[in-house]
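> A structural model of the following input is requested.
(one chain, ligands or ions: 1)
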Amino acid sequence: MINIVLFGKPGAGKGTQAEFLKGKYNLTHLSTGDIFRYNIKNGTDLGKLAQTFMDQGELVPDDVTIKMLQAEVDNNPNSAGFLFDGFPRTLSQAEALDVFLASKSESITATIALEADDEILVARLLDRGKTSGRPDDQDEEKIRNRYQEYNEKTAPLMGYYKEQGKFYAVNGIGSIDEITLRLSEVIDNL
Ligand SMILES: Nc1ncnc2c1ncn2[C@@H]1O[C@H](COP(=O)(O)OP(=O)(O)O)[C@@H](O)[C@H]1O
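Numbering: from 1, shown residues only. Coordinates of the predicted model:
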């Protein structure tokens, strides 16, 4: 089983690349952002709770996110591996994921970061906001808040995975195909 964490700032292209990688490596793609948006669209209790945080560009509380993610993994017992996209985003989420996977005699194989400059990413998100309908992509202040959340809470995860010898970074600027190729090179050499 291979379990990959796709890591990167908002707008870095995690979702786009996950679409290609999941087919290529037969992985189950779990995007916490997509799962939250699905719940919001369907008016579930989880969706109502998550929306209050997401709309402001804040992270949804760890206990809620961790429980949801674990349920998604449990719902895919025959998976050949997982591609985690947007999770973990805090140190407690990363620790909880390790403990949870260990309870299934599994572990994270690698964390791959898509790297790109902040100003390019903000422009990408504002552009996406014109068509995505995502409230968190339409307001520069909310976007900046997501970067602040990333810098404070998510960036420290790089050290966590580096210490475990599981951190890889690829240049996230280029065509979609070029970036898929860069990610594939890392995965093929794991
Ligand atoms: N692991 C997580 N922990 C807490 N909140 C999350 C997590 N994943 C997604 N969210 C919430 O969903 C929002 C959108 O996430 P996502 O679709 O991954 O977008 P992006 O990476 O472009 O910011 C986040 O800003 C946050 O509010």
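> tell me the contacts of residue 134?
Shown in contact with residue 134 (C-beta atoms under 8 Å, 6 or more residues apart in numbering): 37, 128. The way it works is simple: take the backbone N, C-alpha and C, and place the C-beta from them, glycine included.
> that one and the ligand, how far apart?
According to C-beta to the nearest ligand atom, to the nearest Å, residue 134 and the ligand sit 8 Å apart.
> quick check: residues of this structure near the ligand?
Contact residues (C-beta under 6 Å from any ligand atom) of the chain with the ligand: 10-11, 32-33, 36, 53-54, 57-60, 65, 86-87, 89, 93, 136, 146.
> change it to 5 Å
10, 32, 33, 54, 59, 60, 65, 86, 87, 89 (C-beta under 5 Å from any ligand atom).
> which residue packs closest to residue 33, ignoring adjacent ones?
Leaving aside its chain neighbours, residue 33 sits nearest to residue 86 (4.7 Å; criterion: C-beta to C-beta, 6 or more residues apart in numbering).
> next, the contact list for that neighbour, please.
14, 31, 32, 33, 34.
> that one and residue 178, how far apart?
22 Å (C-beta to C-beta, to the nearest Å).
> pick out the residue of the chain closest to the ligand.
residue 33 (2.0 Å; C-beta to the nearest ligand atom).
> only the C-alpha atoms, please, for the longest helix along the chain, written as PDB.
As assigned by DSSP state H, the longest helix anywhere in the chain is helix 118-132. Extracted in PDB, the C-alpha atoms of helix 118-132 (Å, rounded to 0.1, in the frame of the first residue of the first chain):
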ATOM      1  CA  ASP A 118       2.600  33.400  -2.800                       C
ATOM      2  CA  GLU A 119       1.800  36.200  -5.200                       C
ATOM      3  CA  ILE A 120       1.400  33.700  -8.100                       C
ATOM      4  CA  LEU A 121      -0.900  31.600  -5.900                       C
ATOM      5  CA  VAL A 122      -3.100  34.500  -4.700                       C
ATOM      6  CA  ALA A 123      -3.600  35.500  -8.400                       C
ATOM      7  CA  ARG A 124      -4.500  31.900  -9.300                       C
ATOM      8  CA  LEU A 125      -7.100  31.800  -6.500                       C
ATOM      9  CA  LEU A 126      -8.700  35.100  -7.400                       C
ATOM     10  CA  ASP A 127      -8.900  33.800 -10.900                       C
ATOM     11  CA  ARG A 128     -10.500  30.500  -9.800                       C
ATOM     12  CA  GLY A 129     -12.900  32.400  -7.600                       C
ATOM     13  CA  LYS A 130     -14.500  34.000 -10.800                       C
ATOM     14  CA  THR A 131     -15.700  30.500 -11.900                       C
ATOM     15  CA  SER A 132     -15.600  28.200  -8.900                       C
END
